[in-house]
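Trainee: How does the following fold in three dimensions:
(one chain, ligands or ions: 1)
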Amino acid sequence: MPEAAHVGSGKVRELYAIDGDQLVLVATDRISTFDVVLPTEIPDKGRVLTGLSAFWFARTRSTVPNHLLGLREDGRSSECRRLEMLPLECVVRGYITGSGWKDYQASGATSGQALPDGLRESDRLPAPIFTPSTKADEGHDENIDLDQARELVGAERLEEVERVSLDLYRFAADYALARGIIVADTKFEFGVDGEGRLVFADEAFTPDSSRFWPAAEYEPGRPQPSFDKQFVRDYCESLGWDKTAPGPELPDEVVAGTRARYVEAFERLTEIPFDSYLADPETVLR
Ligand code: PZK
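Mentor: Sure, this is the predicted structure:
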């Protein structure tokens with residue numbers, strides 16, 4: 001991309017600056033599992049994630065403004081407003097799993113918020129909870145309590161991001177559940193524009209920023225299968241790989257099955273054929 005300067009790399013995404021006000025966010029077809037990026041790509045995974053994010057940004061504009069300016073013809077690149085990012089990962093959990101389940105087992109609480117006794121792994125919570133974390137440059141984000149979050153962004157901004165995060169989660173989780181997908185939890189990033197307004201940035205309810213579970217297979221008391229990555233995890237487990245880099249190459253049938261799951265998530269949630277998205281990415285905005 002000769003017209004833009006590379007400004008950042010994530011595990012599976014790249015960020016470029018067009019100028020002082022505009023960025024291009026590119027979702028690659030890379031996939032990570034157990035925190036390791038695999039040498040094999042999943043064709044169209046980046047397009048699915050970019051299309052899903054744009055779909056959700058378009059449908060949540062009345063709740064909070066967002067950074068999306070437009071989609072490029074390639075379907076994997078989005079042009080965004082450049083913001084001052086808040087130093088906080090805004091996590092909402094509707095179900096008890098992952099680090100929330102670990103915290104709960106250890107202390108009966110997560111992010112300093114007490115939870116009812118007797119929860120089983122993957123149980124639905126009585127109400128969604130806001131459990132912020134700090135952005136770690138390397139490795140895992142660290143769960144923090146609301147006092148620590150307040151020190152990072154201030155009391156007013158924290159109240160605002162908590163309210164907006166819970167509103168966004170309730171909207172998308174209801175929407176997805178009606179289409180057979182449980183959004184167990186999700187992570188948001190927000191920025192602030194030149195006028196001090198809160199802006200929803202980064203990605204919105206993708207399988208990389210959220211845990212998607214197939215509702216038809218939901219059964220609390222055990223870990224749930226991942227909607228998108230379960231074939232990859234099962235294959236990696238079958239190898240006895242030690243989960244350190246480099247990860248294994250994926251065989252064609254695992255690649256094809258995983259691609260099909262990403263496309264299925266896109267089509268269930270958007271009710272738009274993925275081929276229509278490829279022909280004209282802006283279909284998801286209308
Ligand atoms: C921003 N990241 C995460 C890191 C990626 C993405 N609208 C924005 N304005 C300013 N900064 C960012 C955004 C957004 N979104 C996002 N880091 C900064 C990130 C590496 C690669 F693709």
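Trainee: The nearest residue to Tyr218 once chain neighbours are set aside: what's it in contact with?
Mentor: Leaving aside its sequence neighbours, Tyr218 sits nearest to Ile182 (C-beta to C-beta, 6 or more residues apart in numbering; 6.0 Å). C-beta coordinates here come from the backbone N, C-alpha and C atoms, glycine included. Counting by C-beta atoms under 8 Å, 6 or more residues apart in numbering, Ile182 touches 94-95, 173, 176, 212-215, 218, 224.
Trainee: how far away is Ile182 from Ser276?
Mentor: For Ile182, the distance to Ser276 (C-beta to C-beta, to the nearest Å) stands at 26 Å.
Trainee: Surely the residue nearest to Tyr218 is in a helix?
Mentor: No. Read with DSSP: H, G, I helix; E, B strand; the rest coil, Ile182 is strand and lies in no helix.
Trainee: Look up which residues are beta-bridged to it.
Mentor: Trp213 (DSSP bridges).
Trainee: Same check on Ala114?
Mentor: Under the criterion used (DSSP bridges), Ala114 bridges to Ala109.
Trainee: So what's the residue count around it?
Mentor: 10 (other C-beta atoms under 10 Å).
Trainee: again, but for the one 5 residues further on
Mentor: Burial of Leu119, expressed as a neighbour count using other C-beta under 10 Å, amounts to 19.
Trainee: Hmm, it is touching Asp103, no?
Mentor: No. Checked against C-beta atoms under 8 Å, the pair Leu119 and Asp103 is beyond contact range at 11.5 Å.
Trainee: tell me the two of the contacts of Ile182 that are most distant?
Mentor: Maximum pairwise distance in the contacts of Ile182, criterion C-beta to C-beta, is 15.4 Å, between Gly94 and Pro214.
Trainee: The two: who's more crowded?
Mentor: For Gly94 versus Pro214, the count of surrounding residues by other C-beta under 10 Å is larger for Gly94: 22 against 18.
Trainee: Which residue is the nearest non-sequential neighbour of Thr206?
Mentor: Leaving aside its chain neighbours, Thr206 sits nearest to Leu49 (4.4 Å; criterion: C-beta to C-beta, 6+ apart).
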